[in-house]
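J.: Sequence first, then the predicted structure:
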Amino acid sequence: MWCVQHVNMMTSPLRRILRVLRPGPGLAGGQTSSRCLFLDSAGSGLVVQSRSTDVYQNLALEDWMDAHVDLDQGGVLLLWRNRPAVVIGRHQNPWSECNLPAMRRAGIAVARRRSGGGTVYHDLGNLNLTFFSSRKAYDRRRNLKVVAEALRRLQPDLDVQVTDRFDLLLNGVHKISGSASRLSRKSSYHHCTLLHSADRAALSALLRPSCPGIRTNATPSVPSPVANLVDHAPSLKWEELLEGLVRQYNTEFGLSAPPVLVDPGDESQFPGVGNMAAELRSWDWMFGKTPKFSVETSLELSDELTDARCSALLHMEVKNGQVDSSHVHVPSEWLPPRLSSELGGVLVGERFCPHRAAAVVSTLLRSETGRFHGRLQKLCEAVLAVIG
(Lines give C-alpha, C1' and ligand atoms only; values in the text may rest on other atoms or scores of the structure.)
Protein backbone atom coordinates (compact mmCIF):
# COMPACT_ATOMS: atom_id res chain seq x y z
CA MET A 1 0.00 0.00 0.00
CA TRP A 2 1.01 3.59 -0.58
CA CYS A 3 1.90 4.95 2.85
CA VAL A 4 1.31 8.61 3.64
CA GLN A 5 2.08 10.60 6.75
CA HIS A 6 -0.50 13.10 7.97
CA VAL A 7 1.81 15.63 9.56
CA ASN A 8 0.91 18.35 12.03
CA MET A 9 3.45 20.85 10.81
CA MET A 10 3.74 22.68 14.12
CA THR A 11 4.04 19.78 16.57
CA SER A 12 5.74 16.99 14.64
CA PRO A 13 8.95 15.60 16.17
CA LEU A 14 12.12 17.29 15.07
CA ARG A 15 13.42 16.32 11.65
CA ARG A 16 15.46 18.04 9.02
CA ILE A 17 13.14 20.87 8.03
CA LEU A 18 12.77 23.37 5.27
CA ARG A 19 11.65 26.64 6.82
CA VAL A 20 9.16 28.71 4.85
CA LEU A 21 10.47 32.25 5.17
CA ARG A 22 9.76 33.78 1.77
CA PRO A 23 7.19 36.62 1.81
CA GLY A 24 4.41 36.07 -0.68
CA PRO A 25 0.74 36.54 -1.54
CA GLY A 26 -1.64 36.19 1.37
CA LEU A 27 0.79 37.61 3.96
CA ALA A 28 -0.01 41.21 4.82
CA GLY A 29 2.59 43.94 4.97
CA GLY A 30 5.47 41.81 3.77
CA GLN A 31 5.02 39.56 6.79
CA THR A 32 6.77 36.18 6.59
CA SER A 33 5.50 32.78 7.62
CA SER A 34 7.21 30.73 10.33
CA ARG A 35 5.55 27.44 9.35
CA CYS A 36 7.68 24.59 8.10
CA LEU A 37 7.54 21.75 5.62
CA PHE A 38 9.33 18.49 6.34
CA LEU A 39 12.09 17.16 4.14
CA ASP A 40 13.27 13.62 3.66
CA SER A 41 16.06 12.34 5.89
CA ALA A 42 18.67 13.73 3.50
CA GLY A 43 17.12 17.18 3.81
CA SER A 44 16.71 17.72 0.07
CA GLY A 45 13.21 16.83 -1.04
CA LEU A 46 9.55 16.47 -0.17
CA VAL A 47 6.53 14.55 -1.49
CA VAL A 48 3.11 15.99 -0.67
CA GLN A 49 -0.38 14.62 -1.33
CA SER A 50 -3.40 16.91 -1.12
CA ARG A 51 -6.43 15.63 0.77
CA SER A 52 -8.72 18.02 -1.11
CA THR A 53 -10.55 17.34 -4.38
CA ASP A 54 -11.52 21.00 -4.84
CA VAL A 55 -9.82 22.41 -7.93
CA TYR A 56 -9.52 25.94 -6.50
CA GLN A 57 -7.97 24.76 -3.24
CA ASN A 58 -5.45 22.61 -5.07
CA LEU A 59 -4.47 25.36 -7.50
CA ALA A 60 -4.17 27.72 -4.54
CA LEU A 61 -1.89 25.22 -2.79
CA GLU A 62 0.35 25.25 -5.86
CA ASP A 63 0.50 29.05 -5.74
CA TRP A 64 1.19 29.04 -2.00
CA MET A 65 4.07 26.59 -2.28
CA ASP A 66 5.54 28.45 -5.24
CA ALA A 67 5.40 31.71 -3.30
CA HIS A 68 6.57 30.54 0.12
CA VAL A 69 8.79 27.46 -0.07
CA ASP A 70 12.53 27.96 -0.33
CA LEU A 71 13.17 25.60 -3.25
CA ASP A 72 16.91 26.18 -3.16
CA GLN A 73 16.90 23.65 -0.30
CA GLY A 74 15.29 20.92 -2.42
CA GLY A 75 12.46 20.02 -4.77
CA VAL A 76 8.86 19.15 -3.98
CA LEU A 77 6.45 16.77 -5.70
CA LEU A 78 2.76 17.54 -5.13
CA LEU A 79 0.14 14.89 -5.99
CA TRP A 80 -3.49 15.96 -6.31
CA ARG A 81 -6.77 15.23 -8.05
CA ASN A 82 -10.09 17.02 -8.41
CA ARG A 83 -13.76 16.41 -8.66
CA PRO A 84 -14.95 17.03 -12.26
CA ALA A 85 -13.61 20.37 -13.51
CA VAL A 86 -12.24 22.01 -16.62
CA VAL A 87 -8.96 23.89 -16.16
CA ILE A 88 -7.82 26.42 -18.76
CA GLY A 89 -4.39 27.96 -19.20
CA ARG A 90 -3.45 31.45 -17.99
CA HIS A 91 -3.77 33.04 -21.46
CA GLN A 92 -6.81 31.18 -22.78
CA ASN A 93 -10.40 32.07 -23.62
CA PRO A 94 -12.94 29.93 -21.69
CA TRP A 95 -15.73 30.61 -24.21
CA SER A 96 -13.67 29.15 -27.05
CA GLU A 97 -12.19 26.29 -25.00
CA CYS A 98 -15.08 24.69 -23.14
CA ASN A 99 -18.82 24.14 -23.23
CA LEU A 100 -19.83 26.51 -20.44
CA PRO A 101 -23.62 25.96 -20.70
CA ALA A 102 -23.20 22.18 -20.41
CA MET A 103 -20.82 22.64 -17.48
CA ARG A 104 -23.29 24.89 -15.65
CA ARG A 105 -26.07 22.35 -16.13
CA ALA A 106 -23.85 19.56 -14.79
CA GLY A 107 -22.41 21.61 -11.92
CA ILE A 108 -18.85 21.25 -13.24
CA ALA A 109 -16.36 23.93 -12.23
CA VAL A 110 -14.18 25.91 -14.61
CA ALA A 111 -10.85 27.25 -13.35
CA ARG A 112 -8.04 29.36 -14.79
CA ARG A 113 -4.59 28.31 -13.59
CA ARG A 114 -1.54 30.57 -13.45
CA SER A 115 0.55 28.52 -15.84
CA GLY A 116 0.28 28.63 -19.62
CA GLY A 117 -0.64 25.78 -21.94
CA GLY A 118 -3.94 24.28 -23.00
CA THR A 119 -7.26 23.24 -21.52
CA VAL A 120 -7.63 19.94 -19.65
CA TYR A 121 -10.49 17.99 -18.10
CA HIS A 122 -10.03 16.78 -14.52
CA ASP A 123 -11.93 14.21 -12.51
CA LEU A 124 -11.08 11.62 -9.87
CA GLY A 125 -9.66 9.33 -12.55
CA ASN A 126 -7.01 11.89 -13.48
CA LEU A 127 -3.86 12.37 -11.40
CA ASN A 128 -2.07 15.73 -11.32
CA LEU A 129 1.62 15.95 -10.51
CA THR A 130 3.37 19.24 -9.76
CA PHE A 131 7.17 19.29 -9.71
CA PHE A 132 8.50 22.31 -7.80
CA SER A 133 12.15 23.28 -8.07
CA SER A 134 14.42 26.27 -8.10
CA ARG A 135 14.57 28.10 -11.43
CA LYS A 136 18.09 26.74 -11.92
CA ALA A 137 16.96 23.12 -11.45
CA TYR A 138 13.91 23.39 -13.75
CA ASP A 139 13.83 20.38 -16.11
CA ARG A 140 10.50 19.32 -17.63
CA ARG A 141 11.97 16.39 -19.53
CA ARG A 142 13.53 14.94 -16.40
CA ASN A 143 10.21 15.24 -14.56
CA LEU A 144 8.36 13.44 -17.34
CA LYS A 145 11.07 10.80 -17.34
CA VAL A 146 9.99 10.04 -13.76
CA VAL A 147 6.41 9.41 -14.91
CA ALA A 148 7.36 7.41 -18.01
CA GLU A 149 9.86 5.23 -16.16
CA ALA A 150 7.41 4.60 -13.32
CA LEU A 151 4.82 3.37 -15.84
CA ARG A 152 7.35 1.13 -17.59
CA ARG A 153 8.32 -0.46 -14.28
CA LEU A 154 4.69 -0.98 -13.30
CA GLN A 155 3.55 -2.24 -16.71
CA PRO A 156 6.53 -3.31 -18.89
CA ASP A 157 4.26 -3.81 -21.91
CA LEU A 158 3.28 -0.14 -22.01
CA ASP A 159 5.05 1.94 -24.68
CA VAL A 160 5.28 5.40 -23.10
CA GLN A 161 7.29 8.17 -24.75
CA VAL A 162 7.95 11.85 -23.99
CA THR A 163 7.23 14.12 -26.98
CA ASP A 164 8.89 17.37 -28.02
CA ARG A 165 5.76 19.16 -26.74
CA PHE A 166 6.34 17.57 -23.31
CA ASP A 167 3.31 15.31 -23.57
CA LEU A 168 3.32 11.61 -22.80
CA LEU A 169 2.15 9.36 -25.63
CA LEU A 170 0.98 5.80 -25.25
CA ASN A 171 1.86 3.48 -28.14
CA GLY A 172 2.91 6.51 -30.17
CA VAL A 173 -0.71 7.61 -30.67
CA HIS A 174 -2.73 8.37 -27.56
CA LYS A 175 -1.99 11.23 -25.22
CA ILE A 176 -2.10 10.23 -21.56
CA SER A 177 -0.45 13.33 -20.11
CA GLY A 178 -0.16 17.03 -20.95
CA SER A 179 2.17 19.57 -19.37
CA ALA A 180 2.31 23.23 -18.42
CA SER A 181 4.71 25.28 -16.33
CA ARG A 182 5.30 28.58 -14.58
CA LEU A 183 8.70 30.14 -14.05
CA SER A 184 9.44 32.91 -11.57
CA ARG A 185 12.69 34.71 -10.91
CA LYS A 186 13.97 32.10 -8.45
CA SER A 187 11.40 29.30 -8.45
CA SER A 188 9.52 27.17 -10.95
CA TYR A 189 6.88 24.52 -11.18
CA HIS A 190 5.94 22.09 -13.88
CA HIS A 191 2.64 20.23 -13.63
CA CYS A 192 1.20 17.46 -15.72
CA THR A 193 -1.93 15.37 -15.90
CA LEU A 194 -1.99 11.58 -16.01
CA LEU A 195 -5.13 9.86 -17.29
CA HIS A 196 -5.73 6.71 -15.30
CA SER A 197 -9.50 6.19 -15.55
CA ALA A 198 -11.04 9.56 -16.43
CA ASP A 199 -14.49 9.95 -18.00
CA ARG A 200 -13.51 10.32 -21.66
CA ALA A 201 -17.12 10.92 -22.75
CA ALA A 202 -17.31 13.95 -20.45
CA LEU A 203 -13.89 15.10 -21.65
CA SER A 204 -15.04 15.02 -25.26
CA ALA A 205 -18.38 16.70 -24.56
CA LEU A 206 -16.99 19.55 -22.45
CA LEU A 207 -13.82 20.47 -24.33
CA ARG A 208 -15.57 22.25 -27.19
CA PRO A 209 -16.47 25.91 -27.82
CA SER A 210 -19.54 27.38 -26.19
CA CYS A 211 -19.66 30.52 -28.33
CA PRO A 212 -19.61 30.63 -32.17
CA GLY A 213 -17.64 33.15 -34.18
CA ILE A 214 -14.91 34.04 -31.68
CA ARG A 215 -11.83 35.77 -33.02
CA THR A 216 -8.99 35.92 -30.54
CA ASN A 217 -5.24 35.85 -30.08
CA ALA A 218 -5.63 33.80 -26.90
CA THR A 219 -3.58 30.60 -26.69
CA PRO A 220 -5.51 27.80 -28.42
CA SER A 221 -5.54 24.21 -27.22
CA VAL A 222 -4.17 21.53 -29.57
CA PRO A 223 -6.65 18.62 -29.82
CA SER A 224 -5.15 15.15 -29.47
CA PRO A 225 -6.54 11.62 -29.28
CA VAL A 226 -6.46 10.54 -25.64
CA ALA A 227 -6.60 7.28 -23.73
CA ASN A 228 -6.74 6.10 -20.15
CA LEU A 229 -4.02 3.90 -18.75
CA VAL A 230 -6.63 1.33 -17.75
CA ASP A 231 -7.71 1.07 -21.40
CA HIS A 232 -4.36 -0.62 -22.07
CA ALA A 233 -3.44 -1.87 -18.60
CA PRO A 234 -6.71 -2.90 -16.89
CA SER A 235 -4.90 -4.36 -13.90
CA LEU A 236 -3.19 -1.07 -12.99
CA LYS A 237 -4.72 0.05 -9.69
CA TRP A 238 -4.79 3.65 -8.50
CA GLU A 239 -2.81 2.95 -5.32
CA GLU A 240 -0.22 1.00 -7.29
CA LEU A 241 0.20 3.94 -9.68
CA LEU A 242 0.73 6.42 -6.83
CA GLU A 243 3.21 4.19 -5.07
CA GLY A 244 5.18 3.62 -8.28
CA LEU A 245 5.37 7.34 -9.06
CA VAL A 246 6.60 8.24 -5.56
CA ARG A 247 9.17 5.46 -5.66
CA GLN A 248 10.47 6.58 -9.04
CA TYR A 249 10.61 10.26 -7.99
CA ASN A 250 12.72 9.30 -4.98
CA THR A 251 14.95 7.11 -7.14
CA GLU A 252 15.47 9.81 -9.79
CA PHE A 253 16.36 12.53 -7.29
CA GLY A 254 18.18 10.39 -4.73
CA LEU A 255 15.58 10.84 -1.99
CA SER A 256 13.81 8.75 0.60
CA ALA A 257 10.77 10.99 1.10
CA PRO A 258 7.50 9.33 2.18
CA PRO A 259 4.34 11.15 1.04
CA VAL A 260 2.96 13.72 3.47
CA LEU A 261 -0.82 14.15 3.50
CA VAL A 262 -1.91 17.82 3.77
CA ASP A 263 -5.14 19.81 3.82
CA PRO A 264 -4.80 22.83 1.49
CA GLY A 265 -7.70 24.56 3.25
CA ASP A 266 -5.87 24.63 6.60
CA GLU A 267 -4.85 28.24 7.28
CA SER A 268 -2.74 27.19 10.26
CA GLN A 269 -0.44 25.29 7.91
CA PHE A 270 -0.79 27.50 4.82
CA PRO A 271 -1.58 31.05 6.01
CA GLY A 272 -3.27 33.10 3.32
CA VAL A 273 -4.18 30.13 1.11
CA GLY A 274 -7.90 30.83 1.54
CA ASN A 275 -7.53 34.26 -0.07
CA MET A 276 -5.64 32.66 -2.94
CA ALA A 277 -8.44 30.16 -3.51
CA ALA A 278 -11.05 32.94 -3.35
CA GLU A 279 -9.23 34.87 -6.06
CA LEU A 280 -9.13 31.80 -8.30
CA ARG A 281 -12.89 31.36 -7.81
CA SER A 282 -13.67 34.99 -8.64
CA TRP A 283 -15.31 36.06 -11.89
CA ASP A 284 -12.64 38.74 -12.35
CA TRP A 285 -9.89 36.11 -12.44
CA MET A 286 -11.72 33.33 -14.25
CA PHE A 287 -13.34 35.43 -16.98
CA GLY A 288 -12.02 38.95 -16.53
CA LYS A 289 -8.44 37.86 -17.31
CA THR A 290 -9.46 36.60 -20.75
CA PRO A 291 -7.45 38.31 -23.54
CA LYS A 292 -9.66 40.68 -25.53
CA PHE A 293 -11.66 39.05 -28.30
CA SER A 294 -14.44 39.68 -30.79
CA VAL A 295 -17.53 37.73 -31.72
CA GLU A 296 -18.96 37.88 -35.22
CA THR A 297 -21.73 35.47 -36.12
CA SER A 298 -24.98 35.28 -38.05
CA LEU A 299 -28.34 34.88 -36.32
CA GLU A 300 -31.21 33.06 -37.98
CA LEU A 301 -34.53 34.63 -36.95
CA SER A 302 -38.13 33.61 -37.53
CA ASP A 303 -41.58 34.99 -36.79
CA GLU A 304 -44.09 32.19 -36.21
CA LEU A 305 -47.06 34.52 -36.59
CA THR A 306 -46.19 35.53 -40.16
CA ASP A 307 -43.74 32.77 -41.16
CA ALA A 308 -41.25 35.54 -41.92
CA ARG A 309 -37.55 34.68 -41.69
CA CYS A 310 -34.33 36.64 -41.93
CA SER A 311 -30.63 36.57 -41.11
CA ALA A 312 -29.03 39.09 -38.77
CA LEU A 313 -25.38 39.76 -37.95
CA LEU A 314 -24.01 40.15 -34.43
CA HIS A 315 -20.66 41.83 -33.82
CA MET A 316 -19.23 42.30 -30.32
CA GLU A 317 -15.91 43.39 -28.89
CA VAL A 318 -15.14 41.98 -25.44
CA LYS A 319 -12.41 43.34 -23.17
CA ASN A 320 -11.66 42.18 -19.61
CA GLY A 321 -14.68 39.91 -19.91
CA GLN A 322 -17.04 42.84 -20.51
CA VAL A 323 -18.85 43.92 -23.68
CA ASP A 324 -16.89 46.90 -25.02
CA SER A 325 -19.06 47.40 -28.11
CA SER A 326 -22.07 45.61 -29.56
CA HIS A 327 -23.82 45.96 -32.90
CA VAL A 328 -26.76 43.93 -34.17
CA HIS A 329 -27.52 44.37 -37.87
CA VAL A 330 -31.07 43.31 -38.72
CA PRO A 331 -32.95 44.03 -41.99
CA SER A 332 -35.08 47.11 -41.37
CA GLU A 333 -38.13 45.45 -42.92
CA TRP A 334 -37.96 42.78 -40.20
CA LEU A 335 -37.26 45.03 -37.19
CA PRO A 336 -36.96 48.82 -36.87
CA PRO A 337 -33.29 49.87 -36.60
CA ARG A 338 -34.13 51.71 -33.38
CA LEU A 339 -34.84 48.44 -31.57
CA SER A 340 -31.80 46.53 -32.79
CA SER A 341 -29.65 49.54 -31.89
CA GLU A 342 -31.15 49.67 -28.40
CA LEU A 343 -30.38 45.98 -27.91
CA GLY A 344 -26.75 46.52 -28.84
CA GLY A 345 -26.54 49.54 -26.55
CA VAL A 346 -27.91 47.91 -23.38
CA LEU A 347 -25.26 45.16 -23.57
CA VAL A 348 -22.28 47.55 -23.59
CA GLY A 349 -20.53 47.64 -20.24
CA GLU A 350 -22.11 44.39 -19.06
CA ARG A 351 -20.21 41.18 -18.39
CA PHE A 352 -20.14 38.72 -21.30
CA CYS A 353 -22.33 36.49 -19.18
CA PRO A 354 -25.80 35.07 -19.94
CA HIS A 355 -27.26 35.95 -16.54
CA ARG A 356 -26.21 39.60 -16.60
CA ALA A 357 -27.11 39.96 -20.27
CA ALA A 358 -30.52 38.38 -19.68
CA ALA A 359 -31.26 40.92 -16.94
CA VAL A 360 -30.65 43.99 -19.11
CA VAL A 361 -32.38 42.41 -22.10
CA SER A 362 -35.51 41.67 -20.04
CA THR A 363 -35.68 45.36 -19.10
CA LEU A 364 -35.57 46.29 -22.78
CA LEU A 365 -38.30 43.79 -23.63
CA ARG A 366 -40.59 45.17 -20.93
CA SER A 367 -40.24 48.64 -22.42
CA GLU A 368 -41.33 47.50 -25.90
CA THR A 369 -44.98 46.49 -26.01
CA GLY A 370 -45.77 47.24 -29.65
CA ARG A 371 -46.28 44.89 -32.57
CA PHE A 372 -42.56 44.20 -32.85
CA HIS A 373 -42.26 42.80 -29.33
CA GLY A 374 -42.31 39.18 -30.55
CA ARG A 375 -39.58 39.75 -33.12
CA LEU A 376 -37.44 41.69 -30.64
CA GLN A 377 -37.80 38.81 -28.20
CA LYS A 378 -36.60 36.34 -30.85
CA LEU A 379 -33.60 38.54 -31.55
CA CYS A 380 -32.78 38.83 -27.84
CA GLU A 381 -33.01 35.06 -27.42
CA ALA A 382 -30.63 34.53 -30.35
CA VAL A 383 -28.08 37.00 -28.90
CA LEU A 384 -28.29 35.41 -25.44
CA ALA A 385 -27.74 31.96 -26.99
CA VAL A 386 -24.47 33.23 -28.48
CA ILE A 387 -23.31 34.59 -25.13
CA GLY A 388 -24.07 31.14 -23.68
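T.: Nice, I can see it.

J.: give me the low-pLDDT residue ranges for this protein?
T.: Residues of the chain that meet the criterion pLDDT under 70 lie in 1-43.

J.: How is it partitioned into domains?
T.: 5-286, 293-387 (automatic domain parsing).

J.: how long is stretch 204-218 end to end?
T.: 21 Å (Cα to Cα, to the nearest Å).

J.: ditto for stretch 222-232
T.: Rule used - Cα to Cα; the end-to-end distance of stretch 222-232 is 23 Å.

J.: for stretch 299-312, same thing?
T.: One end of stretch 299-312 to the other measures 5 Å (Cα to Cα).

J.: can I get the domains of the chain in CSV with mean neighbour count?
T.: The way it works is simple: take the backbone N, C-alpha and C, and place the C-beta from them, glycine included. Below are the domains of the chain laid out as CSV (neighbours: other Cβ atoms under 10 Å):
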stretch, mean neighbour count
domain 5-286, 18
domain 293-387, 16
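
J.: Dig out what the most centrally placed residue in the chain forms beta bridges with.
T.: Nearest residue to the geometric centre of the chain (Cα atoms, centre = their mean): residue 87, 1.7 Å. Here residue 87 sits in beta bridges with residue 111, residue 120, going by DSSP bridges.

J.: correct me, but residue 132 touches residue 187?
T.: Yes. In this structure, residue 132 is within contact of residue 187 by Cβ atoms under 8 Å, at 7.1 Å.

J.: Between the two, which contacts overlap?
T.: Common contacts of residue 132 and residue 187 (Cβ atoms under 8 Å, 6 or more residues apart in numbering): 66, 69, 71.

J.: Just the residues contacting stretch 374-383, thanks.
T.: 299-303, 305, 312, 314, 328, 330, 334-335, 339-340, 343, 347, 357, 361, 364-365, 368.

J.: er, stretch 248-256 I mean
T.: With Cβ under 8 Å, 6+ apart, stretch 248-256 has contacts from 40-42, 44-45, 47, 75, 77, 142, 145-147, 149-150, 153, 257.

J.: can you give me the strands in the stretch 101-250 of the chain?
T.: 109-112, 120-122, 126-134, 160-162, 168-170, 174-177, 179-183, 187-195, 214-216 (DSSP state E, counting those that start in this stretch).

J.: Can you add distance to residue 273 and give those back as CSV?
T.: Converted to CSV, the strands of the stretch 101-250 of the chain look like this (distance: least, Cβ to Cβ, whole Å):
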stretch, distance to residue 273
strand 109-112, 15
strand 120-122, 19
strand 126-134, 15
strand 160-162, 32
strand 168-170, 30
strand 174-177, 26
strand 179-183, 17
strand 187-195, 16
strand 214-216, 32
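
J.: for these, which one sits closest to residue 228?
T.: Nearest of the strands of the stretch 101-250 of the chain to residue 228, taken as Cβ to Cβ: strand 187-195 at 4.9 Å.

J.: which helices and strands sit right next to the closest one?
T.: helix 55-68, strand 126-134, helix 140-154, strand 174-177, strand 179-183 (3 or more Cβ pairs under 8 Å, 6 or more residues apart in numbering; DSSP states H and E).

J.: Now tabulate these in a markdown table and tack on distance to residue 222.
T.: As requested, those are exported to a markdown table (distance: least, Cβ to Cβ, whole Å):
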| stretch | distance to residue 222 |
| --- | --- |
| helix 55-68 | 22 |
| strand 126-134 | 18 |
| helix 140-154 | 17 |
| strand 174-177 | 10 |
| strand 179-183 | 12 |
